[in-house]
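Peer 1: Sequence and computational prediction follow.
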Amino acid sequence: QVPVVESGGGLVQTGGSLTLSCSAGRTDHDLGMGWFRQALGKDSEFVASISWNGGTTVYAESVKGRFIISRDNAKNTMYLQMSSLKPEDTAVYSCAMAKSPWTPVKKEEYMYWGHGTQVTVSS
């Protein structure tokens with residue numbers, strides 16, 4: 001069983017909104033979680049992370065003020081609310097479970113990864 005599974009990707013117009021979900025198959029409520037994205041032909045980049053209790057969040061500069069990361073531990077689910085989407089937000093978005101309770105920004109600080117969900121923003 002895959003520890004984390006993303007859903008909610010799709011096609012949206014510039015300026016539109018989309019919410020991604022990440023369901024955790026494990027009840028590791030004491031671990032941080034995060035979102036990364038990879039555009040075609042580019043390296044994977046950090047998007048946002050959230051601490052074990054949702055009390056601390058960290059965002060990449062490119063998404064600050066537009067994206068909101070949250071989690072509902074009762075549902076073992078993390079969310080990424082994306083608004084004011086731009087064509088440069090087009091990528092495969094992957095969620096991951098951290099090795100610690102906090103808000104890491106580096107890939108090597110995560111231990112479980114989902115397969116990703118495609119987000120396409122049309123101009």
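Peer 2: Structure received. Computed from a predicted structure; not experimentally measured.
Peer 1: low pLDDT regions in the chain?
Peer 2: In the predicted model of the chain, residues 1-2, 26-28 satisfy pLDDT under 70.
Peer 1: what ranges do the strands span in the protein?
Peer 2: 4-7, 10-13, 18-24, 33-38, 45-50, 57-59, 67-72, 77-82, 91-98, 110-113, 117-122 (DSSP state E).
Peer 1: beta partners for the residue most central in space within the chain?
Peer 2: Per C-alpha atoms, centre = their mean, the C-alpha nearest to the average position across the chain is that of Trp35, at 2.5 Å. Residues in a beta bridge with Trp35, per DSSP bridges, are Ala48, Cys95.
Peer 1: looking at it, it is touching Ala98, isn't it?
Peer 2: No. Using C-beta atoms under 8 Å, Trp35 is not in contact with Ala98; the gap is 11.5 Å. From N, CA and C alone the C-beta is placed, and that goes for glycine too.
Peer 1: list residues touching both of those two?
Peer 2: Taking C-beta atoms under 8 Å, 6 or more residues apart in numbering as the criterion, Trp35 and Ala98 both touch Ser49.
Peer 1: these two touch, right, Pro87 and Gly16?
Peer 2: No. Contact criterion C-beta under 8 Å: Pro87 and Gly16 do not qualify, at 11.3 Å.
Peer 1: what about the two, which has more around it?
Peer 2: More crowded of Pro87 and Gly16, by other C-beta atoms under 10 Å: Gly16, with 14 against 11.
Peer 1: Identify the residue nearest the more buried one in space, chain neighbours excluded?
Peer 2: Leu85 (5.4 Å; C-beta to C-beta, 6 or more residues apart in numbering).
Peer 1: how far away is the one you found from Asp43?
Peer 2: 21 Å (C-beta to C-beta, to the nearest Å).
Peer 1: Ser83 touches Val63, doesn't it?
Peer 2: No. At 10.0 Å, Ser83 and Val63 do not qualify as touching, with contact defined as C-beta under 8 Å.
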